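Kindly generate the corresponding structure for this input.
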Amino acid sequence: MMDIDNLCLKCFSELTEGAVCAECGFDNDVPNDTMYLAQKTVLAEKYIVGAVIGKESDAVTYAGYDIQLDKKITIREFFPTGIANRLEGATDVRFRQKYLDIAPRYKSSFYRLWTSLEKMHSLSAVVPVYDVFEDNNTVYAIIEHMECIPLREYLLRNENGYILWDSARLMFMPVLTTLEAMHSNGIIHGSISPDNLVLCRDGKVRLSPFCIQECADISSPLEFTGQDGYAALEQYDNNHKMGPATDIYAFSACIYRALVGTNPPSAQARETNDKIMIPNSIAETIPMHVIKAIGGGMQVYPEKRIKSISDFRERLDAAPSVQAQAAVSTNYTIHQEYEEQQNKKSRIIIIVLVVLIVAAIAAGIYVVEFTDLVKQPETTTVAQEVKQYEVPNFVGTGYTKSDIENNGAWNQQFTITFEADYSTDVEEGIIFKQSVAAGETVDAGSEIILTVSKGIQTVQVPDLGGKTLEDATKELEGLGLKVSSVEVYNDGGHTPNTVKSAYGTAPSTGESVAVGAEVIIQVYGEVQTTTQPSTEATTKSTTANADED
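Residues are numbered from 1 along each chain as shown. Below is the predicted model of the structure:
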């Protein structure tokens, strides 16, 4: 076994030039954030924790080393964003008070997911998992390390920004077997996109990473993992249930991206305007049965979508049964139009007919607009694709400034700045305002200003004794306080309409009160005088009354 002290804690190459790795450039003198496990922590007496290399909605991912097998690994720790934390120097994961009731359920989901994947190690599109265990009040999955690049990066490196179906078929079809096995075991990936379909050095395409299904639902308190263009409508709308068709939608969108070179529009946008544009020159290169399969897989509503991987595979393969069904169901008027135009050699008309057939076979949901298709300039490259991200809900989930600063993914996606302000409703240190609303889609690098609570703003009640009611009211209102007054008895020794000198306010002078609170001031009233009747007058009155009797 190699000496760990002499290995880079990110790539585990031998250090030859001091603390900075000559292979990957990682500075080994820079520790992991205190929120995560410290480097060189030993798990299960055989796994060495290295540098943090990723942070997803439900977990943090570390580079790692198996000292028994003497090889590099990947360690995934259940550590859901905004729900979990860790005290500095501790190893145990703690869950925030407000999430104590749901954290065990998410933890169980994480354990079930990775133990299920461990049993599927023979499937070609799953990065092999070979150990899952509980420790430190959380769950760990040990994953075989594989060198790979995301599909999106591979496509952008391609000269045209897209690939032909013959190449795409070799990449995508083997993944379907894995998806089918996952679905039969009750696993829905929920966040398939060109960023987590990865091409490995052995030539295989694999799905990575996996998050628990709760992350794929925008209503969950966990950070949503879906990407616009690849997330299905049911992930935004609870009126539709997630299932295998959810992954079929995302996978179809990935095939579209690979063949066309652009991201498809979001499912939410397509609900009101279901148009998917294909440039003429690209549509010519895509087999008709593949266009039909993509159309069926990207139906907006899940009940109209292809529902099983086996059906989707048949359509992509153009199985004889599928061809026969398509021939029967094709709209007669489209065939008639084709017959009328068959002697015309215009390439544009042929492409339009192809698109119309797609619209008919896809039950009217997969639509390419005639005029836009003809007029649209041909796009063959995606040299500088601007990434866009959906803004998370930073407010209402108990996030602190430290939580945001330690989330590598958010800081790569956005330019996040902070300001502080008082709040009567949110405790000190918690994010309670964001400049861009949650759910909005913005370009990568867009600025988001997060406001951190300074807690309740307080002021001291000033000494108002002897001041007039008007002056006292102005002074208190100037401090942001509300004012009410009560009149008290004046025995003649005080100036009317002035504040009592002792205990003249409630709360009392010098006490700290929240801005906006009410202060009651006691004000002397006018001097009260009473005139008693004289003794002589009283006597005369009594005598008179006696005489009358």
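
any idea how far T138 is from P104?
11 Å (C-beta to C-beta, to the nearest Å). For every residue, glycine as well, the C-beta is placed using N, CA and C.

So for the two, which residue has more residues nearby?
T138 (24 against 11; other C-beta atoms under 10 Å).

so who does the closest residue to the more buried one other than its chain neighbours touch?
Distance criterion C-beta to C-beta, 6 or more residues apart in numbering; nearest residue to T138, sequence neighbours excluded, is V93 at 4.2 Å. The contact partners of V93, taken as C-beta atoms under 8 Å, 6 or more residues apart in numbering, are E77, F78, F79, A84, N85, R86, N136, N137, T138.

So which of those sit within strands?
E77, F78, A84, N85, T138 (DSSP state E).

between the residues you listed, which is closest to I67?
I67 has its nearest neighbour among these in E77, at 18.0 Å by C-beta to C-beta.

beta partners of the closest one?
Assessed by DSSP bridges, E77 has beta-bridge partners V60, Y140.

Test my guess that it contacts L37.
Yes: contact criterion C-beta atoms under 8 Å: E77 and L37 qualify, at 7.0 Å.

Pull up the overlap in contacts between these two.
Common neighbours of E77 and L37 (C-beta under 8 Å, 6+ apart) are Y62.

now the helix ranked longest in the chain: mean pLDDT?
Secondary structure of the chain per DSSP state H: the longest helix is helix 165-184. For helix 165-184, mean pLDDT is 91.

going forward, begin numbering at 51 instead of 1
I'll keep to 51 as the first residue from here, and by that count the last item is helix 215-234.

hmm, who's touching it?
So helix 215-234 is contacted by 166, 170, 173-176, 201, 238-239, 247, 249, 254-257, 294, 297, 301, 304-305, 308-309, 335-337, 340, 358-360, 362-363, 366-367 (C-beta under 8 Å, 6+ apart).

How about stretch 74-81?
C58, L59, K60, C61, S63, L65, A69, V70, C71, A88, Q89, A101.

buried residues in that stretch?
F76, N78 (16 or more other C-beta atoms under 10 Å).

Off-centre distance for it?
Centre-to-centre, stretch 74-81 and its host chain are 29 Å apart (C-alpha atoms, centre = their mean, to the nearest Å).

got the CA coordinates for stretch 177-195 in CSV?
Extracted in CSV, the C-alpha atoms of stretch 177-195 (Å, rounded to 0.1, in the frame of the first residue of the first chain):
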residue,chain,number,x,y,z
VAL,A,177,-21.0,3.3,-12.1
PRO,A,178,-20.3,0.2,-9.8
VAL,A,179,-21.2,0.6,-6.2
TYR,A,180,-19.5,-1.9,-3.9
ASP,A,181,-20.2,-0.9,-0.4
VAL,A,182,-23.0,0.9,1.5
PHE,A,183,-22.9,1.4,5.3
GLU,A,184,-24.1,3.6,8.1
ASP,A,185,-21.8,5.6,10.3
ASN,A,186,-21.6,9.1,11.9
ASN,A,187,-25.4,9.3,12.0
THR,A,188,-25.6,9.2,8.2
VAL,A,189,-25.1,6.8,5.2
TYR,A,190,-22.1,6.3,2.9
ALA,A,191,-21.9,4.7,-0.5
ILE,A,192,-18.5,3.6,-1.9
ILE,A,193,-18.3,3.9,-5.6
GLU,A,194,-15.7,2.8,-8.1
HIS,A,195,-13.8,5.7,-9.5
